[in-house]
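Enquirer: Need a 3D model of the following:
(2 chains)
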Amino acid sequence: MRVLGLAGFHRDAAAALLVDGAFVAASEERWFVRGAAAADLPLRAARSCLERGGVAARDLDAVVYHEKPLRRFERELVAQLQAFPRSAGTFHRALSTWLGERLWLKTRLVQELGVAPERIAFVEKLSAHAAAAFHSAPFEEAALLVLDDGEWATALLGRADARGVVALAELHAPHSLLRWRAAFLQLLDLGSDSDGDELGALAEAGTPRFESAVAATLPELQDGAFALDPALFRGAFDDERLFAPALAARFVVARRDPDLAASVQRVFEARVLALVRRLHALAPVDALCFSGAGARDRGLVARIVAEGPFARVHVPASLGEPASALGAALEFAAAAAPPGAPRGPRLDHARLGDRIGDAPEPGARELGDATASREEIARRLAAGELVGWAHGPLEFGVHGLAHRVVLADARGADAGRRLLDALQQGEPFLPCRLAVPREQAAEWLALPEGCASALRHGRIVVAARPPLARVAPSLVGPAGRAWPQCVDADDEPELHALLLDFGERTGAPLLALADLRLRGRPLVRGEADAVATFGRSRLDALVVATRLYVRPSAAAPSR
Amino acid sequence: MTRADPARVQRTLASFAETEEDGGRDLWTAARRVRDPELRLQLEHHAADECRHADLLRRQAARLAERHALPASAPDRRRDYASARPGVEIDAHGFYSAGLIDELGELEYVAMLHVAETRAQELFTDRRAEAADDAELAALFDAILKDEAFHVAYTRARLEKWRALGRGFEVDRALRRARRGRWLDAWRRLGARAAEGFTRVALLAAYWTLLAPFAALSRSRRPPPGWQAPRAAPVSAGELRRQY
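Expert: Numbering: from 1, shown residues only, chains lettered A, B, ... in the order given. Next up, the predicted model:
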């Protein structure tokens, strides 16, 4: 069975191709186009998947969209009506988009992809997230928590086993934790779509002295639910503040106040922990799959692992809209499969994007093979250089974990800052990842049990041990925590070997690691893109597959 | 431009900077693709100019922010490009894309560049006129315009060279295509704006007449917060085909 999953009308629009239960290709639209054009239907991404999978559109058994568009439209319309007459200024804009494009989704898919209308299907968005999370989990049965922005649902509690995914309870809009957090992100001037990355980092430097006042804006109900006060928060209207003046009046603080950030983070974590406890009461198993945009919050994942009732916690490699494209395809395949059919092969990685080609760009110096490339990188890193590294397939719906990364020696007082500055990541409080071989990670970090995938995919923060704080102080936050990526030899052998090589040269197998992309850009896709990014960055060298690029003035490091 | 709100000018300059930088990046890519060494050098020179413009524009935006104590603000392309001057969008460099030269070939790519740079020259001339009472900004646009004149000249010279080699028909056709693409885009934008205006009026009329009673109803029937029963999982293909 050949199923194409699509997630559209979002800045992370994406497509994924499932063939006989296994994903063969996935692409994000923003790899191909820039700006607003990427937040459309992911047609370029879809065509790329079909080409790489060797499947013609007419041979697809189904094209599955990741949400029920009419239910989503209903929610938007009700939100506008409930804000009457304040929504007068935004009503026509919201409705124009729907009337002009989104309501005619099926027709457009038929015309653009050339598939028969009866082969187009729609699934519920949070169910798609849940299906994708369970498919990637190493569990036979698990409880499921999804925090995202669905048609109506804003949180889903569920359970999954060999028979499939079952939704147990939902919270509906406007009572949304992500919307609540987005309002505070706006209040803090952090940008409401920053996925909590900046909030978590800023919160590390603050003390939660506003916690009770912040908690009062999101009263907890029975059984872990909560209610958003409509007098303090507003709907998702374009160009409008998500918080009402009454909320701003309660928190008159400086822009990017770390204490308010810490308070918001504490309350956010407390509310999610209440959801997790409720989930455990409904699905008393020992494993949890946590997904949706809410699972990007690494501090939150750390608290669920430390304080939640589940012994094992899984966070998938791919999150956000790309994950819902994966889940849409999976959900259709599961519904179409005969009862009792086995699960397809588990997707425990994100290596589904384009591969680096063989055509070098001008200025390339051939290094020979993978081993020589790795040695060159290790030598340069040990000499204090910042090095970009692109090889193999592009990672889908995730950070650059190992295939599109920039690296620096983690030792020293400013390693992380230097690396982020070189990529135009200007916020001074943003953290940088720490790559460490999995088998040596416990020497440097206080690793929690039962969250191997979160550690492998850089989805959690953990306490740093004293040697790490001493050797790599720039990668340890004010609260004494680091953002690790524990690299497994079986999972990412190239990066693992590089860490060992670097460790032999310097005595500490620790590298500062970030995505190979400039601020506001997607991960680089091909070699030309990587070289162009290198040109605009302040990196010292770039290795693409087995080819080295350096700036004209750069001298080779001494052996 | 100088009469406008400084925050908006700052955002506009920042968005100009991004467009110039994007153009520069794509020109670097194009320079690596072309076979003719002279054209490669010209494209590299052009790319360096675009990057320098980006730097100049960004610095000017930063100076403006400092002078008026403006908060850091993201470039606002949609707003500033669409409304910096009614009816005109800055698309001079906005349609370059990495690898476009592979798609078009050298001749069509240079024709497209020539049309785009001519448009950019006109646009920056307009901006220069608007900045007459701001010496700093005027000097910035003068520097950019000097480079734009070179960009128009070298692309024209290159097209003339191909014309002299007997490829006049191809050159004319490529220029016609590039200009027609722009004309069609402008026509589409005009149509979209007209349709948007009509839709806006119709929707606002519906909002204040038809929807008002439903608004009152929707507020009175707000569902209580708390847990909701999820819908049953789909069990048939028919259910999966439903959009609701």
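
Enquirer: looking only at pLDDT, what's the mean for stretch A:299-314?
Expert: Averaged over stretch A:299-314, pLDDT sits at 95.

Enquirer: Format the CA atom coordinates belonging to that stretch as CSV.
Expert: The C-alpha atoms that make up stretch A:299-314 are tabulated as CSV, following Å, rounded to 0.1, in the frame of the first residue of the first chain:
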residue,chain,number,x,y,z
GLY,A,299,12.5,21.4,30.5
LEU,A,300,9.0,20.1,30.6
VAL,A,301,10.2,16.7,29.3
ALA,A,302,12.8,16.7,32.1
ARG,A,303,10.1,17.2,34.7
ILE,A,304,7.8,14.5,33.3
VAL,A,305,10.7,12.1,33.4
ALA,A,306,11.6,13.1,37.0
GLU,A,307,8.2,13.5,38.5
GLY,A,308,5.7,11.8,36.3
PRO,A,309,4.2,8.4,37.2
PHE,A,310,5.5,6.8,34.0
ALA,A,311,8.7,4.8,34.3
ARG,A,312,9.6,5.2,30.6
VAL,A,313,9.0,8.3,28.5
HIS,A,314,9.4,8.5,24.7
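
Enquirer: Identify the residues contacting that stretch?
Expert: For stretch A:299-314, contacts defined as CB atoms under 8 Å, 6 or more residues apart in numbering or on different chains pick out A:133, A:136-139, A:142-143, A:196, A:200, A:203, A:265, A:268-269, A:272-273, A:276-277, A:280, A:285-290, A:294-295, A:315, A:448-451, A:453-454, A:459-462, A:481. Every C-beta, even on glycine, is put in place using the N, C-alpha and C of the backbone.

Enquirer: and A:Gly196, what pLDDT?
Expert: The model's pLDDT for A:Gly196 equals 66.

Enquirer: Tell me the buried residues within the contacts of stretch A:299-314.
Expert: Taking 16 or more other CB atoms under 10 Å in any protein chain shown as the criterion, what is buried in those is A:133, A:136-137, A:139, A:142-143, A:196, A:200, A:203, A:265, A:268-269, A:272-273, A:276, A:280, A:285, A:287-290, A:294-295, A:315, A:448, A:451, A:453-454, A:459-462, A:481.

Enquirer: Among the residues you listed, which lie within helices?
Expert: Per DSSP state H, helices hold the following members of these: A:133, A:200, A:203, A:265, A:268-269, A:272-273, A:276, A:280, A:453-454.

Enquirer: Please list which of those are also close to chain B.
Expert: Subset of those in contact with chain B: empty, counting by CB under 8 Å from any CB of the partner chain.

Enquirer: Distance to B:Tyr109 and pLDDT added to the residues you listed, as TSV?
Expert: As requested, those are arranged in TSV below (distance: CB to CB, whole Å; pLDDT from 0 to 100):
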residue	distance to B:Tyr109	pLDDT
A:Ala133	45	95
A:Gly200	45	84
A:Ala203	49	90
A:Gln265	50	94
A:Phe268	50	96
A:Glu269	53	95
A:Val272	52	96
A:Leu273	57	96
A:Val276	56	97
A:His280	60	97
A:Ser453	46	93
A:Ala454	47	95
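
Enquirer: which residues of chain B score low on pLDDT?
Expert: B:1-4, B:71-104, B:181-196, B:234-235 (pLDDT under 70).

Enquirer: From chain B, how far off is A:Arg266?
Expert: 21 Å (CB to the nearest CB, to the nearest Å).

Enquirer: any idea how far the closest residue in space to that residue that isn't next to it in sequence is from B:Thr199?
Expert: Nearest non-adjacent residue to A:Arg266, counting by CB to CB, 6 or more residues apart in numbering or on different chains: A:Pro208, 4.4 Å away. In this structure, A:Pro208 and B:Thr199 are 47 Å apart, going by CB to CB, to the nearest Å.

Enquirer: Which of the two has more residues huddled nearby?
Expert: A:Pro208 (19 against 16; other CB atoms under 10 Å in any protein chain shown).

Enquirer: Could you list which residues are in contact with the more buried one?
Expert: A:259, A:262-263, A:265-266.

Enquirer: which of these tops the neighbour count?
Expert: Neighbour-wise, those (other CB under 10 Å) top out at A:Gln265, 27 neighbours.

Enquirer: other SSEs contacting the helix or strand of chain A with the lowest mean pLDDT?
Expert: The weakest-scoring helix or strand in chain A, judged by mean pLDDT, DSSP states H and E, is helix A:88-100 (a mean of 80). Contact analysis of helix A:88-100 by 3 or more CB pairs under 8 Å, 6 or more residues apart in numbering or on different chains; DSSP states H and E lists helix A:69-82, helix B:168-209 as its packing neighbours.

Enquirer: A:Ala248: which of the ones you listed is closest?
Expert: A:Ala248 lies closest, by CB to CB, to one member of the helices and strands packed on helix A:88-100: helix A:69-82, at 20.8 Å.

Enquirer: Direction-wise, compare the closest one with helix A:88-100 and give the angle.
Expert: Relative orientation of helix A:69-82 versus helix A:88-100 (axes from the mean of the first three to the mean of the last three CA atoms, to 10 degrees): 160 degrees.

Enquirer: who's in contact with helix A:69-82?
Expert: Contacts for helix A:69-82 (CB under 8 Å, 6+ apart): A:87, A:90-91, A:94-95, A:98, A:102-103, A:105, A:122, A:124, A:151-152, A:173-174, A:235-237, B:211, B:214-215, B:218-219, B:222, B:243-244.
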